[in-house]
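Student: below are the sequence and a predicted model for it; my questions follow.
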Amino acid sequence: MDTQHSYENGESLSRITDRGNPETAPPAVGEKSLVIVNSKPLDRECLAQALIRHRLGLSVLNCASIEQWRSVQDQHPPLGAVLYNLGNRKVTETEETNKIVKLTAELGKVPVVILADSDDFIQVLKALEIGARGYILTSVDINVCVEALELAVVGGVFIPASSILAVKHLIETGSSKTRELSDMFTPRQTEVVTALRKGKANKIIAYELQLRESTVKVHIRNIMKKLRATNRTEVVYKMNDFYPAENMNTGVDLS
């Protein structure tokens, strides 16, 4: 059954419950609300009905905006979670970022879960970075949606499986590059390359590695040949290209 609160602009906020009309069947003690925020009435109402049918365990409300929820929040159980539907918009869009940051800051411990079309890894990371407690794809089964919301309510964080695979790929890619470089350079050459990336002069490298300066120059020439570099600067540039996340110092001694 639905209880609808109408507004002058024609929008409405509905509370949907499987316990009957909320006016005659008050919320159970300790019951909390899930608010679905979506500007499209049909989408949010269909999702709300589906969540109720799958026994989410929360009183489900749907509204066009969080402002609409605030105007009637005293008439409903305390907020347990917010499901913010982005649709095909992106978390990284300035307007959406600001909305989510403001919402998560205002709600504090109440989890905000993003529902979105995109499974782009950057979008997922951005959502978590600005305070979201979950990221659900619109392509998932309703059972997955329920489990993700339940996880958020008890303090967990849900992210798409594709994001986990993306992390796995990054780790494997990094490991592969490490193996390639270890095959390319001797241990001593690796130490020299590391020192070059820190912008150290030949004399300092020789002192720290307990080598003759002439030996350091030989190592650098051999490193240049292997990287097909023409000078020290190019060596550092190419090494930073191999390991962009490990850039330690962009300064290079050109003496």
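Tutor: Yep, it's here.
Student: quick one: distance of the host helix or strand of residue 35 to the chain centre.
Tutor: Using DSSP states H and E, residue 35 sits in strand 33-37. Offset of strand 33-37 from its chain centre (Cα atoms, centre = their mean, to the nearest Å): 21 Å.
Student: average pLDDT for that strand?
Tutor: Averaging pLDDT along strand 33-37 yields 92.
Student: please enumerate the helices of this structure.
Tutor: 41-53, 66-72, 94-107, 121-129, 142-153, 161-184, 187-197, 202-209, 213-227, 232-242 (DSSP state H).
Student: so which of these comes closest to residue 33?
Tutor: Closest to residue 33 of those is helix 66-72 (Cβ to Cβ; 8.7 Å). For every residue, glycine as well, the C-beta is placed using N, CA and C.
Student: so what does the closest one touch, helix or strand wise?
Tutor: Using 3 or more Cβ pairs under 8 Å, 6 or more residues apart in numbering; DSSP states H and E as the contact test, the elements touching helix 66-72 are strand 12-16, strand 33-37.
Student: just to revisit the earlier point, by mean pLDDT, show me the worst of the helices of the chain.
Tutor: In terms of average pLDDT, helix 161-184 trails the rest of those, at a mean of 64.
Student: and residue 214, how many residues sit next to it?
Tutor: Counted with other Cβ atoms under 10 Å, residues neighbouring residue 214 total 9.
Student: which strands and helices lie in contact with the strand holding residue 35?
Tutor: helix 41-53, strand 59-63, helix 66-72, strand 79-87.
Student: the last one pairs with which strands, parallel or anti?
Tutor: The sheet places strand 79-87 alongside strand 33-37 (parallel), strand 112-116 (parallel), with pairing taken from DSSP bridges.
Student: in stretch 196-212, what's buried?
Tutor: 196-197, 199-202, 205-206, 209, 211 (16 or more other Cβ atoms under 10 Å).
Student: turn those residues into TSV, including distance to residue 103.
Tutor: Below are the buried residues of stretch 196-212 laid out as TSV (distance: Cβ to Cβ, whole Å):
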residue	distance to residue 103
196	48
197	42
199	45
200	48
201	53
202	56
205	53
206	58
209	54
211	58
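Student: and those residues, which is closest to residue 160?
Tutor: residue 197 (35.6 Å).
Student: from residue 157, how far off is residue 107?
Tutor: 15 Å (Cβ to Cβ, to the nearest Å).
Student: residues touching the strand holding residue 35, excluding its own?
Tutor: 15, 44, 47-48, 51, 56, 58-66, 69, 76-85, 149 (Cβ atoms under 8 Å, 6 or more residues apart in numbering).
Student: and if you look at stretch 82-92?
Tutor: 34-38, 40, 43-44, 47, 66, 96-97, 100, 103, 107, 110-118, 120, 122-123, 126-127, 130, 132, 136, 138, 149.
Student: recalculate using a threshold of 6 Å.
Tutor: For stretch 82-92, contacts defined as Cβ atoms under 6 Å, 6 or more residues apart in numbering pick out 35-38, 96, 112-117, 123, 126-127.
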